[in-house]
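S.K.: Sequence and predicted structure are below.
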Amino acid sequence: MPLTNLSKGGLIALIISLAGCQTVQENTVAVSQTDITSDRVSSTEPNLTDVIEPSLSDEAMYDPLAIVRELGEAIDSPNVNESVDENDPEVEPKTDLAAIEGTVWAEIINGFALEDLKETKYADLHRRRLTHSPGFFSDFLVKADIYLPYVWTEVKRRGLPAELALLPYVESAYSPWAVSRMGAVGMWQIMPGTARVLKLKLGQTCDQRRDVIHSTRAALDYLEQMHAKFDDWLLAIAAYNAGPGRIERAIKRNKRAGKPTDFWSLKLPRETRRYVPRLLVTRNLILDAKAQGIELPNIEPEIPFKMVNLEAPMEVSLVQELSGLSLEEIRRYNPCIRSWITPAQEPYQLVLPNSAVQEFSTRLVSVSVRDYVRTRPYKVQTGDTLSEIAARIGATVPELMMLNGMSNSRIVAGRTIRVPSTSENISKQLVNLELGNAYGETIRYKVRNGDSLWKIARRFQTTVKDLRKLNATSNLIRPGEWLVVPVN
């Protein structure tokens, strides 16, 4: 994955040369106003850039779903032979709004606007998956407790169908740590090429596809673009999954054959034929929660975090000290962080839970910008390389080059360079944190002839127990079957 080049002088100038005590600036991007006092309050929203249609191959745009076991791979079972009578009257699902008053669900339900679900075997399979045991669907929905209020606020602000706020459930079970076998990342499952087109930065210190604010902006921009192209929300959602080229070709085929060009009439990849029904099934289960005996989780509509603008990037261990948060909590609210330092892409932003903003701000006023990253001198020894030094202290070569204003990685024995003085290897801890789906980052693995769970577990340095739990499977696996495998 190409990484954004960091300016060698920009960050070092901010970190080393700036002096004086600083105050926090809050960025109120669709976030409630803070009650703390600061010298300057920024209400700047991340730039909404007009996105051109990606010049990506269809294969690059086509990304399978289901990163965690709750969705899995919706295998077309040969045992499912049920037919659906299209003449059966459709019953509009209903829910008891009184039971969810004051939660985000009441608002979302009132904003549902997409057309009715046409029953298919894919819809039936997915409904069974989400309701196979009591409490499963409720537990599935609660995974979005931190992120859903923000996504819903943005969907509502743009005047889009409320169903779009449910799309990350279909993509990743709302996990910013989800990784597909084709390289799509984050709760919106954005491919590297698409990320660049949508102006997301894939830097050394932050992959913005994991960032809730930036990835949501990018995904909704793209969905709006697809809707403008096809003038149909189901086709726009299908294009988000399969790419606009596939949808266009399917429409042209149907036009030549004199057939309708709605989503249900098009010949599309099997994954896309599953994708849209999965979204509508999720919506209908929320609507029909009372009749299904489903208790919708109590997620409040208030966004539980605030964006904070910093004068410069800050080492994560200092964020811990100033906020009183654990490393796990910091990364849960800042899933894009991938190093010992907060994102080094301007604007220098940090996401904090509402409960921690005041304490962070109060303590920050006594910290000089030049102390955001605490460094110590290191005398280069004979035989040292910058990569070896970086590995020992938990940094990266580009970070050390940045801190020292170096144009290349060549170092000379006897010279002194600056290295982070952080006492713990934060980068290693971040990699090893088991967040999101409780297994850290995952990939999808296609079972081969001769494979067993024991062999796969050994290959990926995990356990049979974790593989069974993550995939809700027994020891019996078959060639061609897809498994979700933790890669930490």
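M.R.: Looks like it came in fine. Just so you know, these numbers come straight off a predicted model, no measurement behind them.
S.K.: nearest spatial neighbour of Trp188, skipping sequence neighbours?
M.R.: Leaving aside its sequence neighbours, Trp188 sits nearest to Ala219 (C-beta to C-beta, 6 or more residues apart in numbering; 4.0 Å). In short, each C-beta sits where N, CA and C put it, glycine included.
S.K.: Who are the contact partners of the one you found?
M.R.: By C-beta atoms under 8 Å, 6 or more residues apart in numbering, the contact set of Ala219 is 167, 188, 190, 240.
S.K.: Could you measure from Glu315 over to Trp340?
M.R.: To Trp340, Glu315 is 6 Å away according to C-beta to C-beta, to the nearest Å.
S.K.: what's the helix or strand where Lys306 lies packed up against?
M.R.: Per DSSP states H and E, Lys306 falls inside strand 305-309. When contacts are defined as 3 or more C-beta pairs under 8 Å, 6 or more residues apart in numbering; DSSP states H and E, strand 305-309 sits against strand 25-27, strand 349-353, helix 354-364.
S.K.: now the end-to-end length of stretch 253-268.
M.R.: Taking C-alpha to C-alpha, to the nearest Å, stretch 253-268 runs 11 Å from one end to the other.
S.K.: And the contacts of that stretch?
M.R.: Residues outside stretch 253-268 that contact it (C-beta under 8 Å, 6+ apart): 118, 232, 234-235, 238, 242, 246-247, 250-251, 276.
S.K.: go with 7 Å
M.R.: By C-beta atoms under 7 Å, 6 or more residues apart in numbering, the residues outside stretch 253-268 that reach it are 118, 234-235, 238, 242, 246, 250-251, 276.
S.K.: quick one: average confidence on it?
M.R.: Averaging pLDDT along stretch 253-268 gives 97.
S.K.: Tell me which residues of that stretch come out buried.
M.R.: 254, 261, 263, 266, 268 (16 or more other C-beta atoms under 10 Å).
S.K.: and His126, that one's in a helix?
M.R.: Yes - under DSSP: H, G, I helix; E, B strand; the rest coil, His126 falls within a helix.
S.K.: Just the pLDDT for it.
M.R.: 90.
S.K.: Could you give the number of residues near it?
M.R.: 25 (other C-beta atoms under 10 Å).
S.K.: ok, it to Gln292 distance?
M.R.: His126 sits 14 Å away from Gln292, going by C-beta to C-beta.
S.K.: Same question for Ala413.
M.R.: Distance from Ala413 to Gln292, by C-beta to C-beta: 70 Å.
S.K.: quick one: which of the two has more around it?
M.R.: Gln292 (17 against 10).
S.K.: The more buried one and Leu285 touch, don't they?
M.R.: Yes - Gln292 is in contact with Leu285 according to C-beta atoms under 7 Å; the separation is 6.3 Å.
S.K.: What ranges does the stretch 351-488 of the chain have for its strands?
M.R.: Assigned by DSSP state E, counting those that start in this stretch, the strands in the stretch 351-488 of the chain fall at 375-379, 416-420, 442-446, 482-486.
S.K.: what does the first one rub up against?
M.R.: Same thing as strand 375-379. Counting by C-beta under 7 Å, 6+ apart, residues outside strand 375-379 touching it are 389, 403, 416-421.
S.K.: Most neighbours out of these, which is it?
M.R.: Of the contacts of strand 375-379, with other C-beta under 10 Å as the count, Pro420 tops at 24 neighbours.
S.K.: From Leu167, how far off is that residue?
M.R.: With C-beta to C-beta as the criterion, Pro420 and Leu167 are 39 Å apart.
S.K.: does Arg278 sit in a helix or strand, and which one?
M.R.: helix 270-287.
S.K.: Any buried residues in whichever helix or strand comes after that helix, and which?
M.R.: Using DSSP H and E, the helix or strand that follows helix 270-287 in sequence is helix 289-292. Using 16+ other C-beta under 10 Å as the test for burial, helix 289-292 gives 289-290, 292.
S.K.: Let me see the mean pLDDT of helix 289-292.
M.R.: pLDDT averaged over helix 289-292 gives 88.
S.K.: about what we covered before: Asn475: which of the helices and strands packed on strand 305-309 is closest?
M.R.: Ranking those by proximity to Asn475 (C-beta to C-beta) places strand 349-353 first, at 41.0 Å.
S.K.: pretty sure Glu171 is touching Met187, no?
M.R.: Yes - with contact defined as C-beta under 7 Å, Glu171 reaches Met187; the gap is 6.4 Å.
S.K.: number of nearby residues for the nearest residue to Asp371 once chain neighbours are set aside?
M.R.: Nearest residue to Asp371 in three dimensions, chain neighbours excluded: Leu318, at 7.9 Å (C-beta to C-beta, 6+ apart). Residues near Leu318, counting by other C-beta under 10 Å, number 19.
S.K.: Check the one 4 residues further on too.
M.R.: Residue crowding around Leu322 was assessed by other C-beta under 10 Å; the count is 21.
S.K.: just Ser368 next, same as before
M.R.: 12.
S.K.: Rebuild the contacts of strand 375-379 as JSON lines, extending it with pLDDT.
M.R.: Below are these laid out as JSON lines (pLDDT from 0 to 100):
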{"residue": "Ile389", "pLDDT": "87"}
{"residue": "Leu403", "pLDDT": "80"}
{"residue": "Thr416", "pLDDT": "93"}
{"residue": "Ile417", "pLDDT": "92"}
{"residue": "Arg418", "pLDDT": "87"}
{"residue": "Val419", "pLDDT": "87"}
{"residue": "Pro420", "pLDDT": "82"}
{"residue": "Ser421", "pLDDT": "76"}
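S.K.: all helices of the stretch 301-450 of the chain, in order?
M.R.: 316-323, 327-333, 354-364, 386-393, 397-403, 426-432 (DSSP state H, counting those that start in this stretch).
S.K.: would you list those helices in JSON lines and tack on distance to Pro304?
M.R.: Putting these into JSON lines (distance: least, C-beta to C-beta, whole Å) gives the following:
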{"stretch": "helix 316-323", "distance to Pro304": "15"}
{"stretch": "helix 327-333", "distance to Pro304": "9"}
{"stretch": "helix 354-364", "distance to Pro304": "6"}
{"stretch": "helix 386-393", "distance to Pro304": "34"}
{"stretch": "helix 397-403", "distance to Pro304": "31"}
{"stretch": "helix 426-432", "distance to Pro304": "22"}
